[in-house]
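Asker: Sequence first, predicted coordinates after that:
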Amino acid sequence: MLVLLFILFAGLAIGCAIAVVAQRNPLYCAISLIGVFVSLACLYVMLAAPFIAAVQVIVYAGAIMVLVVFVIMLLNVEQEERRRSRLGFLVPVAVVLAAILIAEATFIIWFVDRSPVKPLSNVSDTGLTSSIGSALFTKYLLPFEITSILLLMAIVGAMTLARRIKEIPPGGAVVPGAQVLPLHMFDPTIALDDTRAVAAHGSNEVAEVMGVPDDHDPTKRD
């Protein structure tokens, strides 16, 4: 039964991985990658590692893939653009590397199956939540706390960079672009209650009308 489940989940993982690189629609590629993560989580459960399986689903199939799908939809990427391949040698290199990987996996399975050394117990507690929690808060407490501090520093740094506002120097002025201004700003002889307006089509024209220096250079970007 376990062998059949392993073959099923391994086949699903391989099939979804092939779909990731074969699909031309980026959204379908992301969905196929979620299938790979879920299949790997099922394999982790079969290896008596439920904590790693839960992390695989929550972190990778959940948070990271939501971010990937959000970016794909934000960029509105509908389909991959076909371009002329400049690195044609990558295809035979990929085939050779895939053959080496399959041969290596086959050798490992064959060697382990025929090894005279047998494990003392069929179930290991290495991947259990209780054993991982005990190790994190006893033997690996210092690296765990250092990692948490580094993550906190990264969060604070990201918030600081996001809230940074470019300061306007003393005496400076923000000159808008195209604006609709009242007519009396162009001609002082016009009454203030005159409701007629005129359009200024650039920051130079607006600066001239408002009487402020225009330091905006369209060739420079922030």
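Answerer: Cool, the structure landed.

Asker: all contacts plus neighbour counts: C-alpha atoms, from now on.
Answerer: OK.

Asker: Which element, helix or strand, includes the residue in the chain sticking out farthest from the centre?
Answerer: Largest separation from the mean C-alpha position in the chain: residue 189, at 59.3 Å (C-alpha atoms, centre = their mean). Using DSSP states H and E, residue 189 falls within no helix or strand.

Asker: can you list the weak-confidence ranges in this structure?
Answerer: Along the chain, the parts satisfying pLDDT under 70 run over 77-86, 117-127, 164-177, 183-188, 198, 201-203, 205-222.

Asker: Next SSE downstream of the longest helix along the chain?
Answerer: Determined from DSSP state H, the single longest helix within the chain is helix 90-113. The helix or strand immediately downstream of helix 90-113 is helix 129-136, counting by DSSP H and E.

Asker: how far does that next one sit from the chain's center?
Answerer: Computed by C-alpha atoms, centre = their mean, to the nearest Å, the chain-centroid distance of helix 129-136 equals 29 Å.

Asker: helices or strands up against that helix?
Answerer: On a contact count with 3 or more C-alpha pairs under 8 Å, 6 or more residues apart in numbering; DSSP states H and E, helix 129-136 meets no helix or strand.

Asker: Alpha carbons only: can I get that helix in PDB?
Answerer: Extracted in PDB, the C-alpha atoms of helix 129-136 (Å, rounded to 0.1, in the frame of the first residue of the first chain):
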ATOM      1  CA  THR A 129       6.600  18.500  15.900                       C
ATOM      2  CA  SER A 130       7.400  17.700  19.500                       C
ATOM      3  CA  SER A 131      11.000  16.600  18.700                       C
ATOM      4  CA  ILE A 132      11.600  19.700  16.500                       C
ATOM      5  CA  GLY A 133      10.200  22.000  19.100                       C
ATOM      6  CA  SER A 134      12.300  20.500  21.900                       C
ATOM      7  CA  ALA A 135      15.400  20.800  19.800                       C
ATOM      8  CA  LEU A 136      14.700  24.400  18.900                       C
END
